[in-house]
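[1] Requesting a structural model of the entry that follows:
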Amino acid sequence: MADAIALIGRILLGAIFVWSGFGKIGSPADTIQFIAGSGLPMSDAAYLASVLIEVGGGVALLFGWQARAAATVLALFALVTAATFHAHVADHATAIQFMKNLAMAGGLLQVAAFGAGMFSLDALLDGRRELHRITRRPA
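    Alright, predicted model coming up:
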């Protein structure tokens, strides 16, 4: 049961990053303008990095491939995003965005600490490596 819950958790965590990343791809000018308006330098590079992190990390998390590393990068991304874009709690909506990012980082750190679970590419690949180690004949 725990591995099924881990799968559902990874899907829910990864989906928001994939969705957000594709949203950025769909409106690059708006996203770059938003980034520049926040005072961050090199908004074009920040845009590209955010798309790569969100889509790449989100897909890796969905499939459970390099899940610990992907979750760590996404957790740091969520914390940086919270501090950069949502830390100035001017209204209730911004406060919720800030807390949402903190909560996502917490869930991602759970994946980083405990892994992707049995229903993941990580588990499949680890099993194949172990099987190869066991069945390999000495030279």
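[2] Can you name the residues in contact with the lengthiest helix in the chain?
    Scanning the chain for the longest helix, with DSSP state H as the assignment, gives helix 2-26. With Cβ atoms under 8 Å, 6 or more residues apart in numbering as the test, helix 2-26 has contacts from 31, 47, 50-51, 53-55, 57-62, 64, 67, 71, 74, 104, 107-108, 110-111, 114-120. To be clear about C-beta, it is placed using only N, CA and C from the backbone, and glycine gets the same treatment.
[3] tell me which residues in it are buried?
    For helix 2-26, burial by neighbour count (16 or more other Cβ atoms under 10 Å) applies to Ala6, Leu7, Gly9, Arg10, Leu13, Gly14, Phe17, Val18, Ser20, Gly21, Lys24.
[4] for the record, mean pLDDT for that helix?
    Mean pLDDT, helix 2-26: 95.
[5] So Leu108 sits against Ala67, correct?
    No - Leu108 is beyond contact range of Ala67, at 9.7 Å (criterion: Cβ atoms under 8 Å).
[6] Which neighbours do those two have in common?
    Leu61.
[7] my read: Asp44 touches Thr31, true?
    No - assessed by Cβ under 8 Å, Asp44 is found out of contact with Thr31, at 10.1 Å.
[8] Neighbour count: these two, which is higher?
    Thr31 (19 against 11; other Cβ atoms under 10 Å).
[9] where's the nearest residue to the more buried one once chain neighbours are set aside relative to Ala49, distance?
    Nearest residue to Thr31, sequence neighbours excluded (Cβ to Cβ, 6 or more residues apart in numbering): Lys24, at 4.6 Å. Relative to Ala49, Lys24 is positioned 11 Å away (criterion: Cβ to Cβ, to the nearest Å).
[10] for the host helix or strand of Ala46, which positions count as buried?
    Here Ala46, judged by DSSP states H and E, is contained in helix 43-51. Judged by neighbour count using 16+ other Cβ under 10 Å, the buried positions of helix 43-51 are Ser43, Ala46, Tyr47, Ser50, Val51.
[11] Go ahead and flag the most central residue of this structure.
    Leu74 (3.5 Å; Cα atoms, centre = their mean).
[12] ok, that one to Leu7 distance?
    Counting by Cβ to Cβ - Leu74 and Leu7 are separated by 17 Å.
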